[in-house]
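Undergrad: predicted model follows, preceded by the sequence.
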There are 2 protein chains.
Amino acid sequence: MPSPIQTFLDRHNLDGFLFVGDSICDADIFYLSHFLAGDRFAFLAQEKSTLLVSSMEIGRADKESIADRILSTSQYRIKEKLKICENSEEAYGRVLTDLLRDCGIKHLGVPYRFPAGLYQHLIKDFAVTVMESPASLARVAKTQEELLAIEKAQRACERAMAQAICLIDSCKIQRDWLYSDSQPLTSEKVRSAIEISLLEDGCESLDTIVAGGPQAADPHARGNGPLAANSPIVIDIFPRNKSSRYFADMTRTVLKGEAPLDVQEIYEAVCLAQAEGLRAIRAGVSGKEVHSRVSEVFRDQGFPETEGRGFTHSTGHGVGLDVHEKPSLSDAGEILPENCVVTVEPGLYYPDIGGVRMEDMVVVKKDGCKNLTLFEKKLVI
Amino acid sequence: MPSPIQTFLDRHNLDGFLFVGDSICDADIFYLSHFLAGDRFAFLAQEKSTLLVSSMEIGRADKESIADRILSTSQYRIKEKLKICENSEEAYGRVLTDLLRDCGIKHLGVPYRFPAGLYQHLIKDFAVTVMESPASLARVAKTQEELLAIEKAQRACERAMAQAICLIDSCKIQRDWLYSDSQPLTSEKVRSAIEISLLEDGCESLDTIVAGGPQAADPHARGNGPLAANSPIVIDIFPRNKSSRYFADMTRTVLKGEAPLDVQEIYEAVCLAQAEGLRAIRAGVSGKEVHSRVSEVFRDQGFPETEGRGFTHSTGHGVGLDVHEKPSLSDAGEILPENCVVTVEPGLYYPDIGGVRMEDMVVVKKDGCKNLTLFEKKLVI
């Protein structure tokens, strides 16, 4: 039986599919090669895959990569090419040309994000089709191993969330502001507690949102400065396990003190919308349909979607080697396949009140979904 | 007087230069926009610059970006385009086309790494030239503000190095292995001490090398497992300040116990080579020349460069918003301009002995260089 990649190549009449990039930023390349590097390298997907790295990376590539064959740019005389070429892009393009010829390529596929400079170089000698990457498609439905990696990151995420909420809960309230050990509690301090917890769990977090008051009304604001009592604090944590490279993603909104009536109403509306989103999910349903059901709950409860106020974003997104990946739960949401992992994260945002968001992460199943998030939902602490 | 970007556009007969990507991975885009986002967005460089983000990012972009004008994909009807287009790349391409038309673009420049899928879309309506990014060129020589940011990251780097070496120094030696609190000291434990120190200093480190014994002979191996006494341990730390986004980079090699004669010889050769590299650097000299002088010192001392053994890598690289950026100190090394920041990091690697690398980071000056690295160099601790 031909491999999935061979089937893909046959279907599109391609001799190979070439990726060039660094695998820290390009998850497709990591997915296919299992080789993590911050400097760009090439991966040629054929029945037998080829990894092309600098001679300095050969040792590590041999140990870590799952490519069938590992070659170095020295073997393709990169140094000599650098001497005769106008610039390093040109030299690297010639190395790729030689590699592709050796691999019997005539018709080549490259992904949408393939570098335009190298694309221009390669079309001189090959028939090149720019298309959706087969890895992007393959990555949507997760294997059991991938699901375990995501769950592990989620457990770390929950331990970090517990630290954050414990810190907020331990505060004293003075004149409507939160104080920890007689110092104002800031977004920065809560974020630091989260990051140290994640580090101890082998995770990195390039960004964590701890936003209170008016800042919480901007769903992408990271948050800074002192945190107020009696006002919702949005905590959105999306750690990546350093070893597996898989992400998790969770948001909770908490409030220390007394919740004003309008905040309570918003919180309840968000809970209802999330419950409806979770109910709507199953394999074969589209992300668009789920988003539409969530939006309807908000409208029904008197929270219509308007530009800049209310439910201003999509319902969710896929999670895996990227924190935002396919499928999306939005107006453009694709059909959800079994075993994809998506977030369900409705929120409401009003500059005069603040923001409330609630985010769980689930695995899509035939008859519904399995919620990977075990953390409690509770506004007032 | 026209701005540097207008001068660049005029020289190449361009109406604008377009970047599309996420600014976490693409430092050029961060450099120009000062807007940090993990999801891709567009930046059009003209006399007045334009940032195009999703409507959800408008609030943050208004606060954080230095673009002259901020527009949203909603204004260009992304939702409607998503409904009528085959895929989201096509819809996004149409948004860009509308934006470029509104900005009076006929002849457009894009960088080498511009996504090939969007390039194919844009050449239908515009004359598009793929070329070296003006931001990549501008980023080489640093401003005073950038130098201060790099120095700040370097101080954090040095505090983390001190923690690591202090931990190794505090160890007891039992049967040629290092023990801390009666437990074997591992690469992982040293790395963890480094990472916590960096976190406390507001830095992130996606990778830190702590490699001993045979692992140190592979210059890119991260290192894992117990660390041996009487054997060199390579510690390479390259943190990024989370707020400024600038990197620093430093390597030290230390040994707890007694240094074998061959290790001492290698260490001294590396020190001599580094001193020669530092002496060779000044504005106007090429990185190639510096590398050649360093290689010569190794050859003169009986450590010739051979594939896989000895001095297997280049002498150094630029440091800034990327940890590896131009100029390089290598066979392909460009002319070093004043105020660029480069590393000088010769090393020797022998599978049977281990590895030794020594890395300082310097600012290139008219008559030499200023070493930003204040950390001591000492093999045996």
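TA: Thanks, I have it.

Undergrad: isn't A:H313 right up against A:T343?
TA: No: under the criterion of Cβ atoms under 8 Å, A:H313 makes no contact with A:T343, lying 11.2 Å away. Backbone N, C-alpha and C define where each C-beta goes, glycine included.

Undergrad: who has more neighbours out of those two?
TA: With neighbours defined as other Cβ atoms under 10 Å in any protein chain shown, A:H313 and A:T343 compare such that A:T343 has more, 26 against 20.

Undergrad: for the helix or strand hosting the more buried one, packing partners?
TA: Following DSSP states H and E, one finds A:T343 within strand A:341-344. Strand A:341-344 is packed against helix A:261-280, helix A:287-300, strand A:316-318, strand A:325-329, strand A:360-365, with contacts defined by 3 or more Cβ pairs under 8 Å, 6 or more residues apart in numbering or on different chains; DSSP states H and E.

Undergrad: winner for burial among these?
TA: Burial of the helices and strands packed on strand A:341-344 is given as mean neighbour count (mean count of other Cβ atoms under 10 Å in any protein chain shown); strand A:316-318 ranks first at a mean of 26.

Undergrad: indicate whether that strand makes contact with chain B.
TA: No: if you take Cβ under 8 Å from any Cβ of the partner chain as the test, strand A:316-318 misses chain B, and the best it gets is 9.7 Å.

Undergrad: elements contacting that strand?
TA: If contacts are counted by 3+ Cβ pairs under 8 Å, 6+ apart, strand A:316-318 sits against helix A:287-300, strand A:325-329, strand A:341-344.

Undergrad: out of those, which gets nearest to B:L44?
TA: strand A:325-329 (25.5 Å; Cβ to Cβ).

Undergrad: is any part of the closest one close to chain B?
TA: No: using Cβ under 8 Å from any Cβ, strand A:325-329 stays clear of chain B, with a minimum separation of 8.7 Å.

Undergrad: now that strand against strand A:360-365, angle please.
TA: Between the axes of strand A:325-329 and strand A:360-365, defined by axes from the mean of the first three to the mean of the last three Cα atoms, to 10 degrees, the angle is 100 degrees.

Undergrad: what angle do strand A:325-329 and helix A:287-300 make?
TA: Using the same axes, to 10 degrees: strand A:325-329 against helix A:287-300 is 40 degrees.

Undergrad: for strand A:325-329, name the packing helices and strands.
TA: Counting contacts by 3+ Cβ pairs under 8 Å, 6+ apart, strand A:325-329 packs against helix A:134-140, helix A:287-300, strand A:316-318, strand A:341-344.

Undergrad: and with 6 Å instead?
TA: Applying 3 or more Cβ pairs under 6 Å, 6 or more residues apart in numbering or on different chains; DSSP states H and E, one finds that strand A:325-329 contacts helix A:287-300, strand A:316-318.

Undergrad: next one: the last one to chain centre, how far?
TA: Chain-centre distance of strand A:316-318: 8 Å, with Cα atoms, centre = their mean, to the nearest Å.

Undergrad: and what of the first one?
TA: Its chain's C-alpha centre lies 23 Å from the corresponding centre of helix A:287-300 when counted by Cα atoms, centre = their mean.

Undergrad: let me know the average pLDDT across that helix.
TA: Averaging pLDDT along helix A:287-300 yields 97.

Undergrad: and the angle from it to helix A:261-280?
TA: Relative orientation of helix A:287-300 versus helix A:261-280 (the same axes, to 10 degrees): 150 degrees.

Undergrad: and for A:N241, the neighbour number?
TA: A:N241: 22 neighbours (other Cβ under 10 Å).

Undergrad: quick check on it: phi, psi?
TA: Main-chain torsions, A:N241, degrees, to the nearest 10: phi -70, psi 130.

Undergrad: mind checking how far the residue nearest the centre of chain A is from A:E89?
TA: In chain A, the centroid-proximal residue (Cα atoms, centre = their mean) is A:V323; its distance is 0.9 Å. Note on A:V323: its distance to A:E89, by Cβ to Cβ, to the nearest Å, is 30 Å.

Undergrad: low-confidence ranges, the stretch 101-250 of chain A, go.
TA: Filtered on pLDDT under 70, the stretch 101-250 of chain A yields no residues whatsoever.

Undergrad: the stretch 101-250 of chain A: strands as residue ranges?
TA: The residue ranges that make up the strands of the stretch 101-250 of chain A, judged by DSSP state E, counting those that start in this stretch, are A:107-111, A:127-131, A:172-174, A:177-180, A:183-184, A:203-204, A:208-212, A:233-237, A:240-241, A:250-254.

Undergrad: you'd agree A:Y119 is up against B:G117?
TA: No: using Cβ atoms under 6 Å, A:Y119 makes no contact with B:G117, being 9.4 Å away.

Undergrad: now the stretch 151-300 of chain A against chain B: closest residue?
TA: Of all residues in the stretch 151-300 of chain A, A:D218 sits closest to chain B, at 4.1 Å by Cβ to the nearest Cβ.

Undergrad: verify the stated contact: that residue with B:G59.
TA: Yes: if you go by Cβ under 6 Å, A:D218 and B:G59 touch, sitting 4.1 Å apart.

Undergrad: okay, these two: which has more neighbours?
TA: When A:D218 and B:G59 are compared for neighbours, A:D218 comes out ahead with 24 against 21, by other Cβ under 10 Å.

Undergrad: phi, psi for that one please.
TA: Dihedral pair for A:D218: phi -100, psi 110, per degrees, to the nearest 10.

Undergrad: what's near enough to touch it?
TA: Listed by Cβ atoms under 6 Å, 6 or more residues apart in numbering or on different chains, the contact set of A:D218 reads B:G59.

Undergrad: spell out which residues make up each domain of chain A.
TA: Using automatic domain parsing, the domain ranges for chain A come out as A:4-139, A:141-371.

Undergrad: hey, where'd the helices end up in chain A?
TA: With DSSP state H as the criterion, chain A has helices at A:4-11, A:27-33, A:58-64, A:78-84, A:88-102, A:116-122, A:134-140, A:144-169, A:187-200, A:261-280, A:287-300.

Undergrad: what parts of the stretch 151-300 of chain A come near chain B?
TA: Counting by Cβ under 6 Å from any Cβ of the partner chain, the residues of the stretch 151-300 of chain A close to chain B are A:E195, A:L199, A:D218, A:H220, A:A221.

Undergrad: then the stretch 1-150 of chain A?
TA: Counting by Cβ under 6 Å from any Cβ, the residues of the stretch 1-150 of chain A lying close to chain B are A:25, A:56-57, A:59-60, A:79, A:82, A:89, A:112-117, A:119-120, A:130.

Undergrad: got a PyMOL select line for the buried ones in the residues you listed?
TA: The buried residues among the residues of the stretch 1-150 of chain A next to chain B can be selected in PyMOL (16 or more other Cβ atoms under 10 Å in any protein chain shown) with this line:
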select buried, chain A and resi 25+56+57+59+60+82+89+112+113+114+115+116+117+119+120+130
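
Undergrad: what's the neighbour count on the nearest residue to A:E151 once chain neighbours are set aside?
TA: Closest residue to A:E151 apart from its sequence neighbours, by Cβ to Cβ, 6 or more residues apart in numbering or on different chains: A:L372 at 5.6 Å. By other Cβ under 10 Å, the residues close to A:L372 number 23.
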